[in-house]
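Peer 1: Dropping the sequence and predicted coords here.
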Amino acid sequence: MTFEANIGVGNPAVQALRIRNSRGGTLDWTAETLTTTGGNWLSVSQSSAAASGSSPATIQVSVAAGALAAGTYSGAIRLQSTTTNETLTVPVTFLVAEAAKMLLSQRGLSFTGVAGSGVPPSQEFGILNVGSGAMSWTAEASTFSGGNWLSVSPSSGSSTAGTLQPPLADVRVNAGGLAAGLYSGQVRVTSAGANNSPQFITVTLNMLPAGSNPPPVVRPTGLIFIRPAGSSSPGSQTVRLATPLLAGVQAAANPSTLTGGNWLEVLPRNLVFSASDSRTLTVQPTLGALAPGEYFGALTLLFSDLTSQVVKVLFVVTPGSGSQTSLASKAVMDSTVDPGGAALDGCTPQKLYLAGQSLGSNFSIAVGYPTLVQAQVKDDCGDLVSDSTVVASFDNGDPPLLLVGIGGGLYQASWQPSRAGQNPGGSVGITLRAARAPLAAAETRSNGQITASSASGPSLFSGGIVNAASSAAGEPLAPGSIVSVYGTNLATAAVGASVLPLPTSLANATLSVAGQDVPLFYSSGGQINAQLPFDLPANSRPQVYVRVRSAETGPEVPSVPETITIAAARPAIFTINQQGTGQGAILIANTATLAAPEGSVPGREARPAHREEFISVFCTGLGVTDPAVRSGEMTPADGSLAHVVIPVEATVDGVPAQVSFAGLAPGFVGLYQVNLKTPPRCKPERMSNWSSPRTASPPTPSPSPSSEAGDHRG
């Protein structure tokens, strides 16, 4: 979980953590919060640092900025169950900054067109300032193949922190003249006032052969109406029908209801739409004498291509009467709106309602293609709720996705399926959940299909960018760190770097971090090892994406970006198994001997370290150095040592140890070395593990040739 706040602005929104038994049934659990720095800024259930209960359950996780200085703070929620004797740890990162921060509501957009036909419908995304003040920005579209078929409007604007109505940008495709094939583009949004600029949206255009018949685009695929009993009928809402086909598509709209009689109407019942003439349907419920309750209906759309789609309709009739006014509109026009969310007309909300609006029933998505996930949230007073937490969960194994509010009760995110559905036929279920304490949460579910794709481009795993030494998921990274990047189709071959400075392209793969192409140690289809730039600002959230060429002269194809968190320092020690566990890459100083039990590492000389003996610890994540060394370049071995700027402390078995050197290891790229003197004694209960003391002199900061010190090479 990641929280962000600016100094003096207040605390970020509460987030929800769901606990369940994956085998069904219930189990008892306790939740405890832990923080490593900054004091007790993390709590659960909104009131304490501990909670307990039985699953399934949802706990509220909150952070308090208080007097915290700008920085990146780490903590965790530790869950324990006496029922299963399990312990789970959820890492929590809290970013406190002083500058504006940019957040785009989507990371990827997909368009489908037909060669020789019309233009696919446009799509939009929100540009949010999740920091403070006002943030001016510019937006620019570019393409990697096919000419200038992509545009974005407006090209500039300003986003104010805290607004419920962030500016929206419209992305359009001009597919005229494009042959059948897959095309890639990118929208780049920059702001001089944001510490995580630039931000990117990957755009995929799939041009089908002439004569193809893609399904019509229906938006939204879910509607919510809320009115009190005994009042007038609610206002109508519209559903848009669009297609990239020039020839007209015939549609028949048929409303139906499950209970309550014939309260649902739609006009027109029959229509024709095309690429040049998208059409809208007007959907109108009739309140009449309906008693308080929840009524379910559907709008079934039959098309001339013999396909059909369904728009779900929920009509909530609440007790009482009185006019209802949109809270979002009140917030704009009336400064007297109750900040707690209750409308001034006397209605106090008790629960949320949620409608999925982009993925209808029986949707079909290909692996690797970015897909819009959109939802709308209202409360039972009929107000649009723009400050809830909306999460999408998937039963194909993809990690949950946090949706971004773009105003008007709408929430968006980009989902890039990483695998086909695990159920028969590739079917997958998506659960959307909206929470806003103390209101009762809302859920809705859609079912569809994810199919395998042989033409998908590179794809980064969610959370798949980790410290190469520790492989710790969900942890911040430091400038200059060696990282491992995991995904699919990341390169065309498995290749290690053979020249210095390190290249920024290996096996037709390029890795971009915060808009910079970074040095690469190793590239393969499933993993890239790279060095982060030293000039990444601390306490920021830059984006990372991969570009891959299918051939040396072919166009590049970008992945959908992933976001990482940058802290000033986040150390991790390399290990022999290269998985962040077990024996560390720690040598007896000035030797190639591992500080490990004799014979514990096959093929390597090893012995335990003596008390008051110098050892060399090889690691990454210690941050910037003085003098600075350029990313990708070998640290000079001529005696001009690059010391770390942030002081390093070390302990052995919990006992402080004397650090004689901490900096970049001479003769290596991006590898840090810490020389320390083991303490004269350890904890009393562990003293038998130490050899007798011996006289030692501080070692020269130069690693002995060893495979451990070189593990970072890939």
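Peer 2: Nice, I can see it.
Peer 1: and after the helix or strand of the chain with the lowest mean pLDDT, which helix or strand comes next?
Peer 2: Least confident helix or strand of the chain, by mean pLDDT, DSSP states H and E, is helix 327-333 with a mean of 34. Using DSSP states H and E, the helix or strand that follows helix 327-333 in sequence is strand 352-356.
Peer 1: For residue 182, see how far away residue 367 is.
Peer 2: 14 Å (CB to CB, to the nearest Å). Any C-beta I mention is one placed from the backbone N, CA and C, and that applies to glycine too.
Peer 1: Over to residue 274?
Peer 2: Residue 274 sits 24 Å away from residue 182, going by CB to CB.
Peer 1: and residue 367 and residue 182? which has more neighbours close in?
Peer 2: residue 367 (20 against 16; other CB atoms under 10 Å).
Peer 1: Isn't the more buried one up against residue 426?
Peer 2: No. Applying CB atoms under 8 Å, one finds residue 367 not in contact with residue 426, separated by 9.3 Å.
Peer 1: just how off-centre is stretch 651-665 within its chain?
Peer 2: 35 Å (CA atoms, centre = their mean, to the nearest Å).
Peer 1: That one: which residues count as buried?
Peer 2: Within stretch 651-665, the residues that count as buried by 16 or more other CB atoms under 10 Å are 652, 657, 660, 661, 662, 663, 664, 665.
Peer 1: nearest to residue 216, of those?
Peer 2: Closest to residue 216 out of the buried residues of stretch 651-665 is residue 664 (58.1 Å), distances taken as CB to CB.
Peer 1: contacting residues around the closest one?
Peer 2: By CB atoms under 8 Å, 6 or more residues apart in numbering, residue 664 lies in contact with 625, 629, 635, 641, 642, 670, 671, 672, 673.
Peer 1: ditto for residue 280
Peer 2: Going by CB under 8 Å, 6+ apart, residue 280 touches 238, 239, 240, 241.
Peer 1: what does residue 220 give?
Peer 2: By CB under 8 Å, 6+ apart, the residues touching residue 220 are 239, 311, 355, 357, 358, 374, 376.
Peer 1: So which of the residues you listed sit within helices?
Peer 2: Using DSSP state H, no member of these falls within helices.
Peer 1: Endpoint to endpoint, stretch 53-72 covers what distance?
Peer 2: Separation of the first and last residues of stretch 53-72 by CA to CA, to the nearest Å is 31 Å.
Peer 1: repeat for stretch 535-553
Peer 2: Start-to-end span of stretch 535-553 (CA to CA) is 31 Å.
Peer 1: give me the number of residues near residue 33?
Peer 2: Neighbour count of residue 33, defined by other CB under 10 Å: 22.
Peer 1: what is it paired to in the beta sheet?
Peer 2: Beta-bridge pairing of residue 33 under DSSP bridges involves residue 77.
Peer 1: Residue 179 versus that one, what's the distance?
Peer 2: 56 Å.
Peer 1: hmm, back to that, who wins on neighbours among the contacts of residue 664?
Peer 2: Within the contacts of residue 664, most neighbours by other CB under 10 Å means residue 672, with 31 neighbours.
Peer 1: wait, what's in contact with residue 456?
Peer 2: 366, 367, 368, 369, 488, 489.
Peer 1: Sort out for me which of the residues you listed are in strands.
Peer 2: Per DSSP state E, strands hold the following members of the contacts of residue 456: 366, 488.
Peer 1: And the contacts of residue 456, which is closest to residue 573?
Peer 2: residue 488 (29.1 Å).
Peer 1: Need the pLDDT of the closest residue to residue 360 other than its chain neighbours.
Peer 2: Excluding the flanking residues, the one nearest residue 360 by CB to CB, 6 or more residues apart in numbering is residue 221, at 3.6 Å. Predicted confidence (pLDDT) for residue 221: 95.
Peer 1: for residue 490, same thing?
Peer 2: We have a pLDDT of 95 for residue 490.
Peer 1: What is the neighbour count of residue 268?
Peer 2: Residue 268: 12 neighbours (other CB under 10 Å).
Peer 1: what's the spacing between it and residue 300?
Peer 2: Look at residue 268 and residue 300: by CB to CB, they are 15 Å apart.
Peer 1: and if you look at residue 150?
Peer 2: Taking CB to CB, one finds residue 150 at 35 Å from residue 300.
Peer 1: Then residue 26?
Peer 2: Remark: distance between residue 26 and residue 300 (CB to CB) = 39 Å.
Peer 1: So, low pLDDT: which residues of this structure?
Peer 2: Counting by pLDDT under 70, the chain contains low-confidence ranges at 46-50, 321-345, 420-425, 454-455, 682-700, 702-714.
Peer 1: and of the contacts of residue 664, the nearest to residue 515?
Peer 2: Nearest to residue 515 among those, with distances taken as CB to CB, is residue 670, at 19.9 Å.
Peer 1: Show the contacting residues for the closest one.
Peer 2: The neighbours of residue 670, taking CB under 8 Å, 6+ apart as the test, are 480, 481, 482, 519, 531, 620, 631, 632, 664, 712.
Peer 1: Just give the strands next to the helix or strand where residue 297 lies in its sheet, each with its orientation.
Peer 2: Taking DSSP H and E as the definition, residue 297 sits inside strand 293-303. Applying DSSP bridges, strand 293-303 is found paired with strand 249-257 (antiparallel), strand 308-318 (antiparallel).
Peer 1: Identify the residues contacting it?
Peer 2: 215-216, 218, 239, 241, 249-260, 263-264, 266, 281, 283, 285, 308-317.
Peer 1: For it, C-alpha coordinates in PDB please.
Peer 2: Taking C-alpha atoms only, strand 293-303 is exported to PDB below (Å, rounded to 0.1, in the frame of the first residue of the first chain):
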ATOM      1  CA  GLY A 293     -36.100  -1.000  -2.200                       C
ATOM      2  CA  GLU A 294     -33.600  -1.900  -4.900                       C
ATOM      3  CA  TYR A 295     -34.900  -2.600  -8.400                       C
ATOM      4  CA  PHE A 296     -32.800  -4.300 -11.100                       C
ATOM      5  CA  GLY A 297     -33.300  -3.800 -14.800                       C
ATOM      6  CA  ALA A 298     -31.300  -4.200 -18.000                       C
ATOM      7  CA  LEU A 299     -31.100  -2.600 -21.400                       C
ATOM      8  CA  THR A 300     -30.400  -5.300 -24.000                       C
ATOM      9  CA  LEU A 301     -28.900  -4.100 -27.300                       C
ATOM     10  CA  LEU A 302     -29.200  -6.200 -30.400                       C
ATOM     11  CA  PHE A 303     -27.100  -5.300 -33.400                       C
END
